[in-house]
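Student: Structural data only, the sequence is not supplied:
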């Protein structure tokens, strides 16, 4: 079972009471540390923050779709993407309303967006 509630990123005090780690915490109880991704002030802190942001965003999005089993959502993302591609292709061939087709294409484009 995973930690219930919304997750967010933060800075955690692990050693000597100083904020020293980039972390993922429970939004309702910031003392509940879920993951540590790196050290504050380290050369890779921006990467550590990006990793923490990704973890929190991914888990929160999966919980929104299936609060009882967010892991099932994570495990099915590839399948959902392929199904949406097929549906968008089919809809394009069948003359579905353009706004519905465009919404499907925008969802795919968002999922395939590059971070570069």
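Tutor: Now that the structure is in, tell me what you want to look at. As the structure is a computational prediction, the values presented were derived from the model and not from experiment.
Student: Check the separation of the first and last residues in stretch 11-19.
Tutor: End-to-end distance of stretch 11-19: 6 Å, with Cα to Cα, to the nearest Å as the criterion.
Student: what do you get for stretch 37-50?
Tutor: Length of stretch 37-50, first residue to last, Cα to Cα: 9 Å.
Student: which other residues reach that stretch?
Tutor: Stretch 37-50 is contacted by residues 9, 11, 19, 20, 21, 22, 23, 24, 51, 52, 55 when judged by Cβ atoms under 8 Å, 6 or more residues apart in numbering. C-betas here are computed from N, CA, C, even on glycine.
Student: ranges for the strands of the protein?
Tutor: Counting by DSSP state E, the chain has strands at residues 7-12, 21-26, 29-39.
Student: In a markdown table, list those along with mean pLDDT, mean neighbour count and distance to residue 66.
Tutor: As requested, the strands of the chain are exported to a markdown table (pLDDT from 0 to 100; neighbours: other Cβ atoms under 10 Å; distance: least, Cβ to Cβ, whole Å):
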| stretch | mean pLDDT | mean neighbour count | distance to residue 66 |
| --- | --- | --- | --- |
| strand 7-12 | 94 | 19 | 15 |
| strand 21-26 | 94 | 22 | 19 |
| strand 29-39 | 92 | 15 | 19 |
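Student: re the thing from before, can the contacts of stretch 37-50 go into CSV with extra columns for distance to residue 43?
Tutor: Conversion of the contacts of stretch 37-50 to CSV gives the following (distance: Cβ to Cβ, whole Å):
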residue, distance to residue 43
9, 19
11, 17
19, 17
20, 15
21, 15
22, 13
23, 18
24, 21
51, 14
52, 16
55, 20
